[in-house]
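Asker: below are the sequence and a predicted model; questions follow.
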2 protein chains.
Amino acid sequence: MDQIPKLVTDLLMPGREGGYAKGYETRELIVRTALHILIEEGYRAMSMRRIAAACGMRLGNLTYHYPTREDLLRELLNAVISSYEAEFATIVHAPGVPPEERLARVCGLIIEDIGSKKTTRLFPELWALANHDAFVYERVHELYDRARAPLVEIIAEMRPDLAEPARLDLALFISASMEGLTVFAGYRMPFAERLPIVERIAIRSFIDIVRSFSPAG
Amino acid sequence: MDQIPKLVTDLLMPGREGGYAKGYETRELIVRTALHILIEEGYRAMSMRRIAAACGMRLGNLTYHYPTREDLLRELLNAVISSYEAEFATIVHAPGVPPEERLARVCGLIIEDIGSKKTTRLFPELWALANHDAFVYERVHELYDRARAPLVEIIAEMRPDLAEPARLDLALFISASMEGLTVFAGYRMPFAERLPIVERIAIRSFIDIVRSFSPAG
DNA sequence: TCCAATTTAGGACAGTTGACAATTTTATGC
DNA sequence: GCATAAAATTGTCAACTGTCCTAAATTGGA
């Protein structure tokens, strides 16, 4: 039973499939349901009929809102990217909070997210899609760009002495390493055991790299 | 134009699709062709008819050798794992070569492999499959087990003072980090620019971690 | 040469897929 | 109440999927 609903997870319905609460816009319900199926059962299972059934509507109605499967996939990616960006924005632009604290919050959020089952299932799916779909490729890359941005921003505020390429490289490394943990986290360990290890590894690598860029060392 | 054919790449045909050289066993040709399609076009395109056509044979003939799609997928995974294991074995058990040199060779092989287009395409595909297929999940995990094993073995030879959990953790970290680079490497950079960056990041993280485990630091 | 096993061919099956069209139902504004 | 637009239904289409089947061809060994 995974906890800590964050980022992508927030996009998902609180209830179970078919029993979603009323009040959502139809198109929003469709996107959320599609994302839910994508994470739980994979892209192959995310067929138009499957989505329509899970939404409690007919196939023709679904194709009315999203004429093609690709249209739906695009809006799904937009929703995922927006949810990440919104989450980061509230942290980065928190007035009065010192940069060290904001950096810790961003890293904590990323670590939590990487440790969650939702993320470890969603992203391999997106990577596989991106391999053979130019649009998905661009959108996933854009997501990473936007995920690195807050790190770069806060670090630049903390350490104005760091040269531009160094900062970029640092952010890239952290991002890349943590993505590896996305895969690693999905294997063999239940969530309770997984999270501390992911935290330790990610934080240690982060500290090491920051240290290697400092003028003293 | 990617270079450095290693590991998985060695499993692929030298020629183009449909023009494979004679002499391969039929079953081997099928597996290689399926792997080729999986990498180039993704799992969705890897249908029985598509494979048969690419092999220059009829569908019925393909299903004679591999009655079900799952049978073929299993042998494909076995072939991938075997190719990695064979490559590692020749390096690790090279007689007369000092452990430092063997470690460098293993790392170099992994870095080359991660930097190759074949790997950055194949593994996201396998991860996505593993999310919803218990057999693929187990096999991919076994592959990582066997990929970490030579690192652990050589490091244990070099540094008998390292405690068992520390060594495992070290190997895990390297493996996990580098898998992140698999994703990262696939984005935005041509191979020529990609490889030096991947090398620098991977090697630096490796050195940092080894250093953090040493008694001196 | 002949036999048996292996290999190939060709077709058929039931099921699923994305997309589309014609229709009815529901909601909205005047 | 009515006209207009939005939403949902129902049915259909060709294309594709994995699997299975039978018959023909090929091969290798006795």
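Answerer: Good, I have the coordinates. The shown structure was predicted, so the numbers you read here are calculated from the model rather than taken from an experiment.

Asker: enumerate the residues of chain A near DNA strand D.
Answerer: Applying C-beta under 7 Å from any atom of the strand, one finds that chain A approaches DNA strand D through A:26, A:57-61, A:64-65. All C-beta spots, glycine's among them, are computed from the backbone N, C-alpha and C.

Asker: now render those as JSON lines, adding pLDDT and distance to A:Ser82.
Answerer: What follows is these, written out as JSON lines (pLDDT from 0 to 100; distance: C-beta to C-beta, whole Å):
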{"residue": "A:Thr26", "pLDDT": "86", "distance to A:Ser82": "18"}
{"residue": "A:Met57", "pLDDT": "92", "distance to A:Ser82": "24"}
{"residue": "A:Arg58", "pLDDT": "93", "distance to A:Ser82": "28"}
{"residue": "A:Leu59", "pLDDT": "94", "distance to A:Ser82": "27"}
{"residue": "A:Gly60", "pLDDT": "92", "distance to A:Ser82": "28"}
{"residue": "A:Asn61", "pLDDT": "93", "distance to A:Ser82": "25"}
{"residue": "A:Tyr64", "pLDDT": "94", "distance to A:Ser82": "24"}
{"residue": "A:His65", "pLDDT": "94", "distance to A:Ser82": "18"}
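
Asker: just the buried ones from those residues?
Answerer: Buried members of the residues of chain A next to DNA strand D, counted by 16 or more other C-beta atoms under 10 Å in any protein chain shown: A:57, A:65.

Asker: and of the residues of chain A next to DNA strand D, the nearest to A:Val97?
Answerer: When those are ranked by distance to A:Val97 (C-beta to C-beta), A:Thr26 comes first, at 38.3 Å.

Asker: isn't that closest one up against A:His65?
Answerer: Yes. Counting by C-beta atoms under 8 Å, A:His65 is a contact partner of A:Thr26 at 6.2 Å.

Asker: if we can go back for a sec, so which of the residues of chain A next to DNA strand D reach DNA strand C?
Answerer: Judged by C-beta under 7 Å from any atom of the strand, the overlap between those and the neighbourhood of DNA strand C comprises A:59-60.

Asker: in stretch A:91-110, what's buried?
Answerer: Within stretch A:91-110, the residues scored as buried using 16+ other C-beta under 10 Å are A:91-92, A:102-103, A:105-107, A:109-110.

Asker: and these, which of them are in helices?
Answerer: For the buried residues of stretch A:91-110, membership in helices holds for A:91-92, A:102-103, A:105-107, A:109-110, with DSSP state H as the criterion.

Asker: go back to those and keep what's next to chain B.
Answerer: Taking C-beta under 8 Å from any C-beta of the partner chain, there is no overlap between these and the neighbourhood of chain B.

Asker: can I get these in JSON lines including pLDDT and distance to DNA strand C?
Answerer: Shown next, in JSON lines, are those (pLDDT from 0 to 100; distance: C-beta to the nearest atom of the strand, whole Å):
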{"residue": "A:Ile91", "pLDDT": "88", "distance to DNA strand C": "36"}
{"residue": "A:Val92", "pLDDT": "85", "distance to DNA strand C": "37"}
{"residue": "A:Arg102", "pLDDT": "88", "distance to DNA strand C": "42"}
{"residue": "A:Leu103", "pLDDT": "82", "distance to DNA strand C": "42"}
{"residue": "A:Arg105", "pLDDT": "85", "distance to DNA strand C": "39"}
{"residue": "A:Val106", "pLDDT": "84", "distance to DNA strand C": "36"}
{"residue": "A:Cys107", "pLDDT": "77", "distance to DNA strand C": "38"}
{"residue": "A:Leu109", "pLDDT": "83", "distance to DNA strand C": "33"}
{"residue": "A:Ile110", "pLDDT": "78", "distance to DNA strand C": "32"}
